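Asker: heads up, no residue letters with this:
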């Protein structure tokens, strides 16, 4: 029995030793363009099976939620879309958070479209906020709020609600919350997204929070509700972000 095992092991070793390692000697590739030329090879049965789902989704996305009498454009340092988005987030946070919410922050990079004057549909809101970002409320020291505002001044502005700031030549001149100057040693609550709370888009000051509350509410859903509640959606430039 032992002799047979030894023989088999020797045989396997000899077979392995007789085979040279496999090496790639050449490679050839072919580029296949993914364009309309592939349309004739579509699976018509599969497309037909999806048609009812597609039609249902289009009907849902085309539901009119509100109306914008003027174009909601996007730009720095302040614009209708930033002001509307930050105001809507602030109001939603005040309903969801059990304590006072002093301000709200959104980033211009998160504004993925503008709304033309006319009907605002569900699709308009999904295009504005295609991400599954959630509302959070952070507690920050006043010194961190000032640092955050300094970064806004340096970058040309961001979206804020509940706060008014003024900067001259990139340096802060005034920061007010509820009409009062921000005090470095005081605590303030800031509504924003879970994405920005991690310091994204140069908002490192938000990572210095001393308390963190996650609502688990999608900001997109909050915007959908805001448009439905308002009906007529308007936002004006009101000097909350003054950069000279």
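Answerer: Alright, I've got the coordinates. Please read these numbers as outputs of a predicted model, since none were measured by experiment.
Asker: Local confidence estimate at the residue lying closest to residue 185 once chain neighbours are set aside?
Answerer: Setting aside the residues directly before and after it, residue 185 is nearest to residue 142 in space (Cβ to Cβ, 6 or more residues apart in numbering), at 6.3 Å. The way it works is simple: take the backbone N, C-alpha and C, and place the C-beta from them, glycine included. For residue 142, the pLDDT comes out at 98.
Asker: So residue 142 is in contact with residue 189, correct?
Answerer: No: using Cβ atoms under 8 Å, residue 142 makes no contact with residue 189, being 11.7 Å away.
Asker: thinking again about what came up before, so who does the residue nearest to residue 185 touch?
Answerer: By Cβ atoms under 8 Å, 6 or more residues apart in numbering, the contact set of residue 142 is 182, 183, 184, 185, 186, 187, 188.
Asker: between the residues you listed, which has the most around it?
Answerer: Neighbour counts for the contacts of residue 142 (other Cβ atoms under 10 Å) peak at residue 182, which has 24 neighbours.
Asker: what's the neighbour count on the nearest residue to residue 187 once chain neighbours are set aside?
Answerer: Nearest residue to residue 187 in three dimensions, chain neighbours excluded: residue 139, at 5.5 Å (Cβ to Cβ, 6+ apart). Each residue near residue 139 was counted by other Cβ under 10 Å, and the total is 16.
Asker: Next: residue 23.
Answerer: Using other Cβ under 10 Å, residue 23 has 5 neighbouring residues.
Asker: ditto for the one 3 residues further on
Answerer: One way to gauge burial is a neighbour count; for residue 26, by other Cβ under 10 Å, it gives 4.
Asker: Could you do residue 220 as well?
Answerer: Using other Cβ under 10 Å, the number of residues around residue 220 comes to 18.
Asker: which non-adjacent residue is nearest it?
Answerer: residue 129 (4.2 Å).
Asker: what about residue 132, neighbour count?
Answerer: 11.
Asker: tell me the mean pLDDT over stretch 171-184?
Answerer: Confidence for stretch 171-184, expressed as mean pLDDT, is 97.
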